[in-house]
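>>> below is the sequence, then the predicted model.
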Amino acid sequence: MPVDRDDSIITPAEMSAIDRDAALSGIDSFRLMTSAGTAVSAAALRLYPQALRFVVLCGPGNNGGDGYIAAAALHASGAQVAVHALGDPAHLKGDAARACAGWGHAGEPLAKYRPRPGDIVIDALFGAGLSRAVPDEVAAVMRAVGSEQLPVIAVDLPSGVDGRTGQVLGESFHASHTVTFMARKPGHLLLPGRTLCGSLEVFDIGIPQRILAAHTSGLSENGPHLWAGQAHALDPSAHKFKRGHLAVFSGGPLATGAARLSAAAGLKAGAGLVTLASASAALDANAAHLTAVMLKEIGDAGALARWLADKRIGAFVLGPGFGDLETARQYALLLNDRALVLDADGITAFKDDPSLLFEAYAQGETHLVMTPHDGEFARLFPDIDADPTLSKVDRAIAAAKRSHAVIVYKGADTVIASPDGRAAINTNAPPWLATAGSGDTLAGIIGAHLAQGMPAFEAAAAGVWRHGRAGAKAGEGLTAEDLAAAIEPLPA
Ligand SMILES: NC(=O)C1=CN([C@@H]2O[C@H](COP(=O)(O)OP(=O)(O)OC[C@H]3O[C@@H](n4cnc5c(N)ncnc54)[C@H](O)[C@@H]3O)[C@@H](O)[C@H]2O)[C@@H](O)CC1
Ligand SMILES: Nc1ncnc2c1ncn2[C@@H]1O[C@H](COP(=O)(O)OP(=O)(O)O)[C@@H](O)[C@H]1O
Ligand SMILES: [K+]
């Protein structure tokens, strides 16, 4: 897959490796810093031409170095500039020391900064090098700036946000704008980091694409580049079986709605046929509500085993509203050589013995997609969930490797991860997707993709993206029924 800096996401560790490689290939690191700091000053002048004063807060590392460059450029443009430093600037090293010398004015200590109306704060305290909770002195300035509601332009990352995880280490700035360099870091897209960045600008400081490509791990923002070539335009000679047959398992008589939402979404997402498999007790309730979706009586594992002789059924969705955990376990194990989306109760069914599920799906190409929310994730992967050092991306990848499944780790920052280490962070989901039945709809869309023969990672990534688009199109106040109706065609 070609590496595109617009889609790629690089960790701070990868950024350091890129930086080292750039230096080895003869690129002058001070020029990179100059380029970075100048981009920050340009953003400040562009966004806040009315500023009475730019206050640049400079830290002890290269993030601070970018700050000194920005301060000098703002001063040269005639703006009023004040610099406040954390620690003694005499201890700065390398490029940061050179940038500070270039600024050439005596700065004030950070603790002496008193925010005043008309200030625009440039946060150059910590970037990629933040390694622990910010000191109390920094937290106090963050609170003071926040209570004055001053605009903050963050250099690389809002200080306090961990670039690898998006978590806040102690306290952080809430930026109105963030200028980062080269490519986005996970902390710009994962929560809560995403909400603390304000508008995000990625500035190309001149590191060549080949160096980026050599160090990216396969993490990107979710989008059509991930399934390019896997989503086929409709063949004029298509018939319904060619467009894929999806089967969805219904819950009991009082819990049939979730599976119908999945089934309706699967049909709308492009499966040629969708069949709802229902035990006899729920047949009447389902029959009364189905039109285009077909209905089949499947009451136990024996009936399912007989039905599986029909190889045209390309994929299954098991879990939404299903209820009966023992039967869910039996069905999931019977389906182990078929493409399956396991959601909700289908996931919970394996909480006491997850390895039973993982071993059943270990053979061949990945053909299981699991769609846990936080609670379901913790049930199947309690140790991964409990490890505070892992980011949401790390957790999803570790879970995918262990379970031999594509993991769709849901939430406002859904992460899709494959056992082969590929991962994507989704960014197009509006908050009103948090509504009952929204996850059932997602499972149906992914099921339709699997039924059409898309590989599991691409099917899942495209499903999450279409789900987000449908949410945006249906708009605030949507219900899960509206969501299915708003699913748009998949761009080929
Ligand atoms: N990598 C690159 O190619 C480029 C990096 N640049 C800048 O360099 C930054 C990274 O620089 P550094 O690696 O020096 O890292 P930082 O400047 O983010 O911070 C590192 C310093 O802060 C200290 N530190 C970390 N956490 C602390 C805490 N909680 N309390 C007190 N001190 C703490 C460290 O001991 C170290 O001295 C990037 O964020 C970016 O702004 C730019 O100059 C452009 C080029
Ligand atoms: N704040 C949010 N912003 C965007 N998307 C969200 C948010 N909260 C939840 N979602 C999405 O909504 C869906 C909810 O799924 P789930 O928790 O299984 O609910 P349900 O079981 O009611 O269908 C998931 O796709 C999730 O990623
Ligand atoms: K910063």
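Arrived safely. Numbers count the residues shown, from 1 in each chain. Ligands and ions are numbered 1, 2, ... in the order given.

>>> what does this protein put close to ligand 1?
Residues of the chain found near ligand 1 (CB under 6 Å from any ligand atom) are 15, 19, 32-33, 36, 59-66, 126-135, 155-156, 181, 205. For the C-beta atoms, the positions are set from N, CA and C on the backbone; glycine is no exception.

>>> so which of these are also by ligand 3?
Among the residues of the chain next to ligand 1, the ones lying near ligand 3 by CB under 5 Å from the ion are 127, 155.

>>> which members of the residues of the chain next to ligand 1 occur in helices, if any?
When DSSP state H is applied, the residues of the chain next to ligand 1 are split such that 15, 19, 32, 33, 36, 62, 63, 64, 65, 66 fall in helices.

>>> among those residues, which one sits closest to residue 112?
residue 64 (16.4 Å; CB to CB).

>>> okay, the nearest residue to that closest one once chain neighbours are set aside: pLDDT?
Spatial nearest neighbour of residue 64, excluding adjacent residues (CB to CB, 6 or more residues apart in numbering): residue 58 at 3.8 Å. Listed pLDDT for residue 58 reads 98.

>>> and the next element down the chain from the helix or strand hosting residue 97?
Applying DSSP states H and E as the criterion places residue 97 in helix 94-103. Per DSSP H and E, the first helix or strand lying C-terminal to helix 94-103 is strand 108-109.

>>> and the next helix or strand past that following strand?
Using DSSP H and E, the helix or strand that follows strand 108-109 in sequence is strand 119-124.

>>> isn't residue 285 right up against residue 251?
No - between residue 285 and residue 251 there is no contact under CB atoms under 8 Å: 9.8 Å.

>>> so which of the two has more stuff around it?
Between residue 285 and residue 251, counting by other CB atoms under 10 Å, residue 251 is the more crowded of the two (25 against 19).

>>> SS state for the closest residue to that one other than its chain neighbours?
Leaving aside its sequence neighbours, residue 251 sits nearest to residue 321 (CB to CB, 6+ apart; 3.6 Å). State at residue 321, reduced to three classes by DSSP: H, G, I helix; E, B strand; the rest coil: coil.

>>> and for the one 5 residues further on?
Local secondary structure at residue 326 is given as helix here, using three-state DSSP.

>>> contacting residues for it?
Shown in contact with residue 326 (CB atoms under 8 Å, 6 or more residues apart in numbering): residue 349.

>>> distance of it relative to ligand 2?
Distance of residue 326 to ligand 2, computed by CB to the nearest ligand atom, to the nearest Å: 21 Å.

>>> what of residue 68?
39 Å.

>>> could you do residue 93 as well?
42 Å.

>>> phi, psi for that residue please.
Note on residue 93: its backbone torsions stand at phi -120, psi 160 [degrees, to the nearest 10].

>>> so what's the residue count around it?
11.

>>> got a pLDDT number for it?
We have a pLDDT of 97 for residue 93.

>>> give me the number of residues near the residue nearest to residue 251?
Residues near residue 321, counting by other CB under 10 Å: 23.
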